[in-house]
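A.B. asks: Whatever this is, show me its structure:
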Amino acid sequence: CRGIGGNSSFPSLAILLNSMLDQHLGAMNGFAASVGSLVRAIAPVACGSLFSAASSISESPEVAQGLPFYLLVALLLCGLGMTAGLSRPGQPGSEQGAAP
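C.D. replies: Prediction:
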């Protein structure tokens, strides 16, 4: 799963950023890479802690094993919802294409 998601998510984000921005493209690509590195450093610790906490609280191991994945699915759905609301510059509904 990591091989598929990890290898396709970063290029997808880069393409999305490149199509959405007209200025400060280098700064935003650098920011996106920095945030991605930070998340890759924090995510194993956070998911491990969540799994450990769920294992100590829950009586059923199925719930404890699935809790980090349920959280990741919720985050994925939030991200998809936010991405679906974006519009391209110059398209109807975009503020950059409108005259002042």
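A.B. asks: in the lengthiest helix in the chain, what's buried?
C.D. replies: Longest helix in the chain by number of residues, with DSSP state H as the criterion: helix 25-57. Under the neighbour-count criterion of 16 or more other CB atoms under 10 Å, helix 25-57 has Leu50, Phe51, Ala54 buried. All C-beta atoms are positioned from the backbone trio N, CA, C, and that covers glycine.
A.B. asks: And Gly85, how far from Ser9?
C.D. replies: 19 Å (CB to CB, to the nearest Å).
A.B. asks: what separates Val63 from Leu72, distance-wise?
C.D. replies: 15 Å.
A.B. asks: Which one's more surrounded, Gly85 and Ser9?
C.D. replies: Neighbours were counted for Gly85 and for Ser9 using other CB atoms under 10 Å; Ser9 has more, 12 against 8.
A.B. asks: If you count contacts, what does the helix or strand following the longest helix of the chain end up packed against?
C.D. replies: Using DSSP states H and E, the helix or strand that follows helix 25-57 in sequence is helix 61-84. If contacts are counted by 3 or more CB pairs under 8 Å, 6 or more residues apart in numbering; DSSP states H and E, helix 61-84 sits against helix 25-57.
A.B. asks: who does the longest helix of the chain touch, helix- and strand-wise?
C.D. replies: Looks like helix 25-57 contacts helix 2-20, helix 61-84 (3+ CB pairs under 8 Å, 6+ apart).
A.B. asks: per-stretch mean pLDDT over those helices, give me the minimum one.
C.D. replies: Mean pLDDT is lowest for helix 2-20 among these, at a mean of 71.
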